[in-house]
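Trainee: Turn this into a structure:
(2 chains)
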Number of protein chains: 2
Amino acid sequence: MKEIAVIGFGVVGGGVVSLIDENASYIREAVGEDVSVKYILDLRDFPDSPYADRVVHDAEVIFSDPAVSLVVETMGGVHPALEFSSKALACGKHVVTSNKELVAKHGAELMALAKEHGAAYLYEASVGGGIPLIRSMRTSLAGDRIDCVNGILNGTTNYILTRMRDGGISFEEALAEAQELGYAEKNPAADIHGLDAQRKIMILCAVATGYIVDESNVYTETMSKITVADIEAARRLGGAVRLIGSFRREEKGVAISVCPRIVPAGNPLSDINDVYNGMSVASRLTGDVLYYGRGAGRYPTAGAVISDVISALNGSYQRESNRTWEIAPADFVCDFAESRSRVYIRVSDAPRGEILDSASLLLGDLEVPAGTPEGKTEFVTGMLPEKQIAEAIRSLPGTVESVLRFLA
Amino acid sequence: MKEIAVIGFGVVGGGVVSLIDENASYIREAVGEDVSVKYILDLRDFPDSPYADRVVHDAEVIFSDPAVSLVVETMGGVHPALEFSSKALACGKHVVTSNKELVAKHGAELMALAKEHGAAYLYEASVGGGIPLIRSMRTSLAGDRIDCVNGILNGTTNYILTRMRDGGISFEEALAEAQELGYAEKNPAADIHGLDAQRKIMILCAVATGYIVDESNVYTETMSKITVADIEAARRLGGAVRLIGSFRREEKGVAISVCPRIVPAGNPLSDINDVYNGMSVASRLTGDVLYYGRGAGRYPTAGAVISDVISALNGSYQRESNRTWEIAPADFVCDFAESRSRVYIRVSDAPRGEILDSASLLLGDLEVPAGTPEGKTEFVTGMLPEKQIAEAIRSLPGTVESVLRFLA
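Mentor: Numbering: from 1, shown residues only, chains lettered A, B, ... in the order given. Now for the predicted structure:
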């Protein structure tokens, strides 16, 4: 009998505990013995839960019990999840987590600690919910090199963008709807300002390259300024607006960013709607593969946790290329201002001819789409350095209403 | 320096040889030493090829050279690929193959032979070209159980079905077009009659379950009888016709089939067009994931071969759950006649009222779509046993023009 503890009895932690019960015989078969949840750590009591008798409030009970061979950390946030995870690993207990913030910020040290103590630190559930992307990337590394990932990594913002397009409603209305449906949290800042996607693309970049970058090196732009006018412009240009987390190996280093982009219709990411996630992974040898599935939610995420629990307890994680991460050196990420983009720009409050003349001068050849609304001027540039685009925006006549990058 | 041989210098074999050259430094890094193609076995000579000096016609040269540690088999067909592969494995050489027919028919014995001689028999390139589905399935097995795969596994037929829909052209016209573009072979029988997809779903079922079924147990239906009228009917019903290879664990055993199906619009397989492949994999814990990419072609397939070559030469294949396959016992596959389907049926040459009365009597509640063409009667059944559907078709008045299953 393997005994485990779950710390954090919220949506995901609760899902883990009940999935372990519901899948007891399957898990027994996969692990080779019964798996049982001995402790649930939470600040709260759960008198009405069937698991009420397992709830403890003192983490030491878990660390000091040698019968506990694995800790599931589904608390979220950095503190005290970091301290609890470190302590568990230092006691030689495996740790399985769904906490992307902790993995992004402290994964490297926790993996090193796990290695030192002969334990596993597994984090499949931290990105893409039920999509087994991390394991898939990690194992494909055995024979190929991942050069680029573009992903819709946040279901909440994808739901908002889908509803703005299909329902013609504003960002605020779509957000309220997402909150009502439980897709967005009461404080949605981490989702809409791109922090959630930022952590996920940092993790994916580290899985692919072995280097975890600092969040300050990830160019990150909120999607809260996207308007229905932007979504309509994207449609006129034959695409859809999506919040894209992206990393790409380039000559001068890795380009890594999170920002809303116009995804052309031919790209399958443009068809990923509602709360779904999708990741396009480009490898040197095998080319582009798209992964698509439910990126969040109690059961997909809890299922990903349990697949890691099984992998830790039956030792199969040792067969994966379980590389630890290094902190990325200063020149690992290339300067965003030096990277190149193709952008859509919409300007108002100045005569069309004046705007286009000035834009051509500053940005070279432009594509001017048909169907521009009255009083606006819009155009699409070629691939240009971000620096040049930023300078041009400062110099254009009128009011620049919108600047949206295309997904290359 | 690792030396390898390539047997079969056709589209894929030629791609492998040139990719190894082009990616020499990358492969050196992944394997830990240089990899070089020492021999190319083919019946033909290639006087104009830069690799002409490596071409040999006698396989014994390869088997008897202890310097050759790995053989890439890209010949296709069962004989002499089986004999060559067996011989190479018996000499302790790794074998990497793109030959789905051989893997489907003799994979179990070749894997056992590989195990006996401490070698690898790897076949990532046999299904889905550049989509790393087999490795992904194999590693996700460590922590989860795959219960169902539905896949568009054949790019040629998917191209034909896409063109019939978008171009309104007949099966014969679309096939001719595919042949002209090099997507279909001169003898397209294995593609259009579902044999290619049959082999692939047999392989995927074996990867997921550990049991390889006999091809006679895979219900397989040609897609050459699909008409534009069928495609239009599918569109009226809100879906698209796709050739689907499918296996699913059911109570009485595994249901495994290849047949054209109406895929409802909400299912992402309905959006996979042209020569692309897509596979939807349902696991017990993590739910549905879609994999999507180029399923064929010289470079994606050669890339998959090379990822296996690297995995064999650096030993990382040993970290995968590299299970050998057992021959499936007689009761492993459930009787197709006992399985249940929802079907679309179109009938002509009898009065509408008479057909529908008879159909209701034989098949219970029916859904009758709007927009049926003049002179035809069409309806959709509920989920019914295949046996009952087959009996009804024999008893209906008029001429049954089409019977198409829905993808459940």
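
Trainee: so how far does stretch A:369-386 reach from one end to the other?
Mentor: With C-alpha to C-alpha, to the nearest Å applied, stretch A:369-386 spans 22 Å between its terminal residues.

Trainee: Outside of that stretch itself, list whatever touches it.
Mentor: Stretch A:369-386 is contacted from outside by A:229, A:233, A:236-237, A:336-348, A:350, A:352, A:355-356, A:359, A:363-368, A:389, A:398, A:401, A:406, A:408, using C-beta atoms under 8 Å, 6 or more residues apart in numbering or on different chains. Heads up, the C-betas are built off the backbone N, CA and C, glycines and all.

Trainee: Of those, grab the buried ones for PyMOL.
Mentor: With 16 or more other C-beta atoms under 10 Å in any protein chain shown as the criterion, this PyMOL line picks the buried residues out of the contacts of stretch A:369-386:
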select buried, chain A and resi 233+237+336+339+341+342+343+344+345+346+347+355+356+359+363+389+398+401+406
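
Trainee: contacts with chain B among the contacts of stretch A:369-386, please.
Mentor: Among the contacts of stretch A:369-386, none lies close to chain B by the criterion of C-beta under 8 Å from any C-beta of the partner chain.

Trainee: Give me the subset of the contacts of stretch A:369-386 that lies in strands.
Mentor: Among these, DSSP state E puts A:340-341, A:343-348, A:366-367, A:401, A:406 in strands.

Trainee: Those residues: which two are farthest apart?
Mentor: Using C-beta to C-beta, the ones in strands among the contacts of stretch A:369-386 span at most 26.5 Å, a distance reached by A:340 and A:348.

Trainee: Skipping adjacent residues, who's closest to residue A:295 in space?
Mentor: The spatial neighbour of residue A:295 that comes closest, neighbours along the chain excluded (C-beta to C-beta, 6 or more residues apart in numbering or on different chains), is residue A:277 at 2.7 Å.

Trainee: For that neighbour, which three-state class applies?
Mentor: strand (DSSP: H, G, I helix; E, B strand; the rest coil).

Trainee: For it, name its beta-bridge partners.
Mentor: In this entry, residue A:277 is beta-bridged to residue A:293, by DSSP bridges.

Trainee: Spit out the contact partners of it.
Mentor: Per C-beta under 8 Å, 6+ apart, neighbours of residue A:277: A:128-129, A:131, A:151-155, A:158, A:292-296.

Trainee: which SS class is the residue most central in space within chain A?
Mentor: Of all residues in chain A, the one closest to the mean position by C-alpha atoms, centre = their mean is residue A:200, 3.1 Å from it. Reduced to three states with three-state DSSP, the structure at residue A:200 is helix.

Trainee: Excluding chain neighbours, what is closest to residue A:256?
Mentor: Nearest to residue A:256 is residue A:247, by C-beta to C-beta, 6+ apart, at 4.2 Å.

Trainee: Distance check, the one you found against residue B:172.
Mentor: Distance, residue A:247 to residue B:172, by C-beta to C-beta, to the nearest Å: 46 Å.

Trainee: and these two? which has more neighbours close in?
Mentor: residue A:247 (26 against 10; other C-beta atoms under 10 Å in any protein chain shown).

Trainee: Tell me the bridge partners for that one.
Mentor: When assigned by DSSP bridges, residue A:247 has beta-bridge partners residue A:149, residue A:256.

Trainee: doesn't residue A:151 make contact with it?
Mentor: No - taking C-beta atoms under 8 Å as the definition, residue A:247 is not a contact partner of residue A:151, at 9.3 Å.

Trainee: Show me where chain A dips below the pLDDT cut-off.
Mentor: Within chain A, the ranges that satisfy pLDDT under 70 run A:140-143, A:319-323.

Trainee: Domains of it: list them as residue ranges, please.
Mentor: What automatic domain parsing lists as the domains of chain A is A:2-129+A:299-323, A:134-294, A:337-406.

Trainee: first to last residue in stretch A:148-157, what's the distance?
Mentor: 22 Å.

Trainee: no no, stretch A:64-82
Mentor: 18 Å.

Trainee: Pull out the buried positions in it.
Mentor: Within stretch A:64-82, the residues that count as buried by 16+ other C-beta under 10 Å are A:68-76, A:81-82.

Trainee: can you list those residues in JSON lines and add distance to residue A:112?
Mentor: Shown next, in JSON lines, are the buried residues of stretch A:64-82 (distance: C-beta to C-beta, whole Å):
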{"residue": "A:68", "distance to residue A:112": "22"}
{"residue": "A:69", "distance to residue A:112": "20"}
{"residue": "A:70", "distance to residue A:112": "19"}
{"residue": "A:71", "distance to residue A:112": "17"}
{"residue": "A:72", "distance to residue A:112": "21"}
{"residue": "A:73", "distance to residue A:112": "17"}
{"residue": "A:74", "distance to residue A:112": "22"}
{"residue": "A:75", "distance to residue A:112": "21"}
{"residue": "A:76", "distance to residue A:112": "22"}
{"residue": "A:81", "distance to residue A:112": "17"}
{"residue": "A:82", "distance to residue A:112": "14"}
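
Trainee: Just flag the most distant two among the residues you listed.
Mentor: Greatest spatial distance among the buried residues of stretch A:64-82 (C-beta to C-beta): A:69 and A:76, at 23.2 Å.

Trainee: I figured residue A:345 hits residue A:400, correct?
Mentor: Yes - counting by C-beta under 8 Å, residue A:345 touches residue A:400, with 6.5 Å between them.

Trainee: which residues do those two both contact?
Mentor: Shared contacts of residue A:345 and residue A:400, defined by C-beta under 8 Å, 6+ apart, are found at residue A:393.

Trainee: Kindly indicate whether the residue nearest to residue A:30 when sequence neighbours are not counted is helix, strand or coil.
Mentor: Leaving aside its sequence neighbours, residue A:30 sits nearest to residue A:310 (C-beta to C-beta, 6+ apart; 4.7 Å). Here residue A:310 is helix, with the state taken from three-state DSSP.

Trainee: which residues do residue A:247 and residue A:151 both contact?
Mentor: Both residue A:247 and residue A:151 are contacted by A:201, A:204, under the criterion C-beta under 8 Å, 6+ apart.

Trainee: on that earlier part again, so can I have CSV of the domains of chain A showing distance to residue B:214?
Mentor: What follows is these, written out as CSV (distance: least, C-beta to C-beta, whole Å):
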stretch, distance to residue B:214
domain A:2-129+A:299-323, 26
domain A:134-294, 30
domain A:337-406, 51
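
Trainee: ok, stretch A:72-82 near chain B or not?
Mentor: No - Stretch A:72-82 does not reach chain B (C-beta under 8 Å from any C-beta); its nearest approach is 13.2 Å.

Trainee: Next up, the contacts around the residue nearest to residue A:256.
Mentor: Residue A:247 neighbours (C-beta under 8 Å, 6+ apart): A:148-149, A:201, A:204-205, A:208, A:254-257.

Trainee: Could you identify the most distant pair in these?
Mentor: So, those by C-beta to C-beta: farthest apart are A:208 and A:257, at 15.2 Å.

Trainee: CSV please, covering the contacts of residue A:247 and showing distance to residue A:181 and neighbour count.
Mentor: Output for the contacts of residue A:247, formatted as CSV (distance: C-beta to C-beta, whole Å; neighbours: other C-beta atoms under 10 Å in any protein chain shown):
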residue, distance to residue A:181, neighbour count
A:148, 33, 19
A:149, 28, 26
A:201, 25, 27
A:204, 27, 26
A:205, 31, 28
A:208, 33, 23
A:254, 36, 21
A:255, 34, 22
A:256, 31, 26
A:257, 29, 25
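
Trainee: anything in stretch A:296-304 near chain B?
Mentor: Yes - Stretch A:296-304 lies within reach of chain B by C-beta under 8 Å from any C-beta, at A:299-300, A:303-304.

Trainee: ok, and what's touching that stretch?
Mentor: A:11-12, A:14-16, A:18-19, A:98, A:124-125, A:129-132, A:155-156, A:275, A:277, A:293-294, B:144, B:283-287.

Trainee: Fine, thanks again, bye for now.
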